[in-house]
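J.: no letters, just coordinates:
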């Protein structure tokens, strides 16, 4: 089952190795962080803010390529979590066909975020990373909480 | 007229603002630098060396998208130079059609470099950035020599 989520926060620490984005379910309170790289975090932040650079930056170019090939990004799904790594799938629509493409969550979210592309997480992934509220096994801030995107 | 060139050098200075790639004509000695960003330089370097990451990085994903949409990158052209900024065009082939897409040279080269995609420069651009050998108007190292990719 797919759960609709939104990008709730982007935390950029210029001198940190990893940056953090937080996804939060739309119809509930569950949320979880994903560690991503600096350039991907900056790309997401810029595209969220709608800052238009003079030349197409990398994810802008990726969008242009999809459009130029008569396709569109239908949705982004955080589809799996293996060995502390989140996996995402781009679902691209062309002529009524849905084409799944394996991606890192950071690229998938950077690509989707300024087109209001719906973002989903597999329920099983959400259950793994979000402990129920009554549990204290997975306290915020513990190392176990953090998973990367590749 | 299009002149075939190769990526001759990548100069990465981790603490520098701008990195440098050098393109050199295949049938001659003319060559010129393009200033690019760090993450694009690292992407080009990794793809030149054929280093395969565990997860698709941004330009790998761009390649995957093109393939998944039944297209291929036919060639990359450094097509213009305006206000010290180089412009590139991706030529994407699908079903015999050639589709031009505006790009920064760094993304275009990162995308093309590990598929042996032919790389060209417009003769007029090459004439602008490469002074004839007998001229000393454009000495190597002078600021005038440097143009960025966006």
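T.: Noted; the coordinates are in hand. Predicted model only: the values in this text are computed from it and were never measured.
J.: helices of chain A, residue ranges please.
T.: A:38-48, A:58-68, A:105-112, A:123-129 (DSSP state H).
J.: for chain B, see how far away the nearest residue to residue A:13 once chain neighbours are set aside is.
T.: Once flanking residues are discounted, residue A:13 sits nearest to residue A:19: 6.7 Å by C-beta to C-beta, 6 or more residues apart in numbering or on different chains. To be clear about C-beta, it is placed using only N, CA and C from the backbone, and glycine gets the same treatment. Residue A:19 sits 13 Å away from chain B when distances are taken as C-beta to the nearest C-beta, to the nearest Å.
J.: show me what from chain A comes close to chain B.
T.: Residues of chain A lying close to chain B (C-beta under 8 Å from any C-beta of the partner chain) are A:38-40, A:53-59, A:61-62, A:64-66, A:68-69, A:71, A:85, A:87, A:90, A:92, A:94, A:99, A:101-104, A:107, A:149-150.
J.: which residues in chain A form strands?
T.: A:2-11, A:19-25, A:31-36, A:72-82, A:85-94, A:97-103, A:119-122 (DSSP state E).
J.: residue ranges with poor pLDDT in chain A?
T.: A:131-145 (pLDDT under 70).
J.: rewinding a little: could you flag which of the residues of chain A next to chain B are buried?
T.: Neighbour-count burial (16 or more other C-beta atoms under 10 Å in any protein chain shown) applied to the residues of chain A next to chain B gives A:38-40, A:55-59, A:61-62, A:65-66, A:68-69, A:71, A:85, A:87, A:90, A:92, A:94, A:101-104, A:107, A:149-150.
J.: so residue A:91 touches residue A:79, yeah?
T.: No - judged on C-beta atoms under 8 Å, residue A:91 makes no contact with residue A:79 at a distance of 9.9 Å.
J.: higher neighbour count, those two?
T.: residue A:79 (21 against 18; other C-beta atoms under 10 Å in any protein chain shown).
J.: settle this for me: that one is touching residue A:124, isn't it.
T.: No - judged on C-beta under 8 Å, residue A:79 makes no contact with residue A:124 at a distance of 9.5 Å.
J.: run a quick neighbour tally on residue A:27.
T.: Look at residue A:27: counted by other C-beta under 10 Å, it has 8 neighbours.
J.: picking up where we left off before, distance of the residue nearest to residue A:13 from residue A:121?
T.: 19 Å (C-beta to C-beta, to the nearest Å).
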